[in-house]
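1. Below are the sequence and a predicted model for it; my questions follow.
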Amino acid sequence: MPLKKDEKDLPLKITEIFKVGPKPIPSNNKDWDFLVYELKKMKVTPAEAYRIVAQKKGDTDIRFNWKMIRLSMYVWERIEEDKGMYLKPKIDTVRSVVTKRKFEQFFHGYYPDLHFDHEKEVKLLNKLIAEKSVRPYFKEGYYFYEGTKRLIPQKVLDHILWGKK
């Protein structure tokens with residue numbers, strides 16, 4: 001596959017940076033107009049700038065919240081399948097979760113500047129569920145039944161997630 005124009009120029013840009021050194025970030029400029037000018041020059045949208053600043057400086061962890069919302073939607077979907085007396089294969093459940101309007105609305109709520117790609121989100125959620133580092137979050141105390149404040153017991157979680165009776 002041929003290189004894009006930007007990729008062809010990359011080695012030249014890197015060589016130039018090695019020659020002259022890194023471009024210093026002006027720290028003495030406290031003017032908002034300068035910041036707006038630089039963001040426009042980098043083609044950063046206001047929504048993207050806000051999301052980045054909120055992630056770095058905000059008191060909430062957007063990535064963690066988005067992860068837990070996706071896991072909750074997955075657990076709720078598995079409970080609905082269990083009520084129908086048939087647990088689908090996990091990938092089918094993931095597809096069903098990502099297809100729902102609620103999922104896309106939350107996606108745009110957390111990442112308003114990003115394009116929603118259904119297939120990419122299916123892969124990401126499937127990968128998230130399979131990660132070993134996420135297993136500690138599949139414990140009693142993290143999930144309520146949908147629309148209630150009743151905790152989902154560990155026995156139910158083990159059944160719908162791992163097939164344990």
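-> Noted; the coordinates are in hand. Numbering: from 1, shown residues only.

2. which residues are contacting the lengthiest helix in the chain?
-> Identified as the longest helix of the chain according to DSSP state H is helix 62-83. For helix 62-83, contacts defined as CB atoms under 8 Å, 6 or more residues apart in numbering pick out 51, 54-55, 87-88, 93-94, 96-97, 100, 102-103, 106, 110-111, 125, 128-129, 134, 137-138, 142-143, 145-146, 152, 156-157, 159-161. C-beta coordinates here come from the backbone N, C-alpha and C atoms, glycine included.

3. Apply 6 Å and report the result again.
-> With CB atoms under 6 Å, 6 or more residues apart in numbering as the test, helix 62-83 has contacts from 55, 87-88, 93, 96-97, 106, 110, 125, 143, 146, 160.

4. Buried ones only from those, please, as a ChimeraX command.
-> The command below creates a ChimeraX selection of those among the contacts of helix 62-83 that count as buried (16 or more other CB atoms under 10 Å):
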select :87,93,96,97,106,110,125,143,160
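
5. Please narrow the contacts of helix 62-83 to those residing in helices.
-> 55, 93, 96-97, 106, 110, 125, 160.

6. With respect to residue 40, which of those residues is nearest?
-> Proximity of those to residue 40, judged by CB to CB, is greatest for residue 55, which lies at 20.7 Å.

7. Give me the number of neighbouring residues for the closest residue to that closest one other than its chain neighbours.
-> Leaving aside its sequence neighbours, residue 55 sits nearest to residue 62 (CB to CB, 6 or more residues apart in numbering; 5.3 Å). Residues near residue 62, counting by other CB atoms under 10 Å, number 13.

8. Same check on residue 71?
-> Residue 71 - counted by other CB under 10 Å - has 19 other residues nearby.

9. Could I get the pLDDT score of it?
-> Note on residue 71: pLDDT of 94.

10. With the one 3 residues further on instead?
-> Reading off the per-residue confidence, residue 74 sits at a pLDDT of 97.

11. what's the answer for residue 145, then?
-> 92.

12. one step back: buried residues in the longest helix of the chain?
-> Buried-residue list, helix 62-83, by 16+ other CB under 10 Å: 69-79, 81.

13. What of stretch 135-155?
-> 137-138, 143, 152.

14. Quickly note the distance from residue 143 to residue 156.
-> 9 Å (CB to CB, to the nearest Å).

15. Kindly report the same for residue 106.
-> Distance, residue 106 to residue 156, by CB to CB: 23 Å.
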